[in-house]
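Please work out how this folds:
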Amino acid sequence: MNKLILILSLILPLGALANEGMELDHAPINGANQASLQRGAKTFINYCLNCHSAAYMRYNRLHDIGLTDEEIKANLIFTGAKVGDTMTVAMNKKDAKSWFGATPPDLSVISRARGADWLYTYLRGFYRDETRPTGWNNVAFDKVGMPHVLWQLQGEQHLKITEEVDAHGNKTESHALVLVKPGKLSPGEYDLMVADLVNYLVYMGEPARAQRMQLGLIVLLFLSLFFVVARALKKEFWKDIH
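The predicted model follows:
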């Protein structure tokens, strides 16, 4: 419990620094799509698990999304970890803090702290900003300390600010991201990859969600049937009185 509180204390303050009033993009995710979850797990382990841990997620929980122990070992474990181990990183916390200004937060429950739409917007919202130490900024998280680790896939975006003046002389600014240097993926392919990654992050935040919802439906069905039986028994017991 103390570890969970510590993780949340690292994650939740980030929300206060996010751009207020920003309209988030809808994350096109589907927790029942196992192929999407498997692609998202692969992206997470290849690009996120280098700096961010997921200390409350074990590799063998990936059985829930259709992977076997052999597939997990062959495609998703690149260290000496075992299938039953948690997803941790070897990066020293002191080194990480000196490099990034803060220790990268654990991502076990990032989707529950932030929400899927915020994550989808954030991962697509990096743009070049030479005033930042890493050379990157983000429309969803101004002055973000995290570098854009997916830039080779997405390419380089610039933030275009347009100022408009209405009939009453009031000035308003509109912001748009413009892709100035294409990456290895097309914009559509990159958006799909990010959607898969967010889908996996949402799953990782509550791996038992599908089972919980299935069990809840079974309980509701049982209660509905029991209500019919109980009502019939009540009528039978009280028929001579009424």
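
what pLDDT, on average, does stretch 157-166 get?
The pLDDT scores in stretch 157-166 average 87.

cool, stretch 185-201 as well?
Per-region confidence: stretch 185-201 scores 97 on mean pLDDT.

can I get the CA coordinates of that stretch in PDB?
C-alpha atoms of stretch 185-201 as PDB (Å, rounded to 0.1, in the frame of the first residue of the first chain):
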ATOM      1  CA  LEU A 185       5.300   5.400 -40.000                       C
ATOM      2  CA  SER A 186       2.600   7.400 -41.700                       C
ATOM      3  CA  PRO A 187       0.300   9.600 -39.500                       C
ATOM      4  CA  GLY A 188      -2.400   6.900 -39.700                       C
ATOM      5  CA  GLU A 189      -0.100   4.100 -38.800                       C
ATOM      6  CA  TYR A 190       1.400   6.000 -35.900                       C
ATOM      7  CA  ASP A 191      -2.100   6.900 -34.500                       C
ATOM      8  CA  LEU A 192      -3.000   3.200 -34.700                       C
ATOM      9  CA  MET A 193       0.200   2.200 -32.900                       C
ATOM     10  CA  VAL A 194      -0.500   4.800 -30.100                       C
ATOM     11  CA  ALA A 195      -4.100   3.500 -29.800                       C
ATOM     12  CA  ASP A 196      -2.700   0.000 -29.300                       C
ATOM     13  CA  LEU A 197      -0.300   1.200 -26.700                       C
ATOM     14  CA  VAL A 198      -3.000   3.100 -24.800                       C
ATOM     15  CA  ASN A 199      -5.200   0.100 -25.000                       C
ATOM     16  CA  TYR A 200      -2.500  -1.900 -23.300                       C
ATOM     17  CA  LEU A 201      -1.900   0.700 -20.700                       C
END
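
Enumerate the positions of that stretch that are buried.
Neighbour-count burial for stretch 185-201, counted by 16 or more other CB atoms under 10 Å, picks out L185, Y190, D191, M193, V194, A195, D196, L197, V198, N199, Y200, L201. Heads up, the C-betas are built off the backbone N, CA and C, glycines and all.

What of stretch 93-102?
By neighbour count on 16+ other CB under 10 Å, the buried set for stretch 93-102 is A96, W99.

And the helix or strand hosting I161, what does it pack against?
Secondary structure from DSSP states H and E places I161 in strand 155-165. Under the contact criterion of 3 or more CB pairs under 8 Å, 6 or more residues apart in numbering; DSSP states H and E, strand 155-165 touches strand 126-128, strand 171-182.
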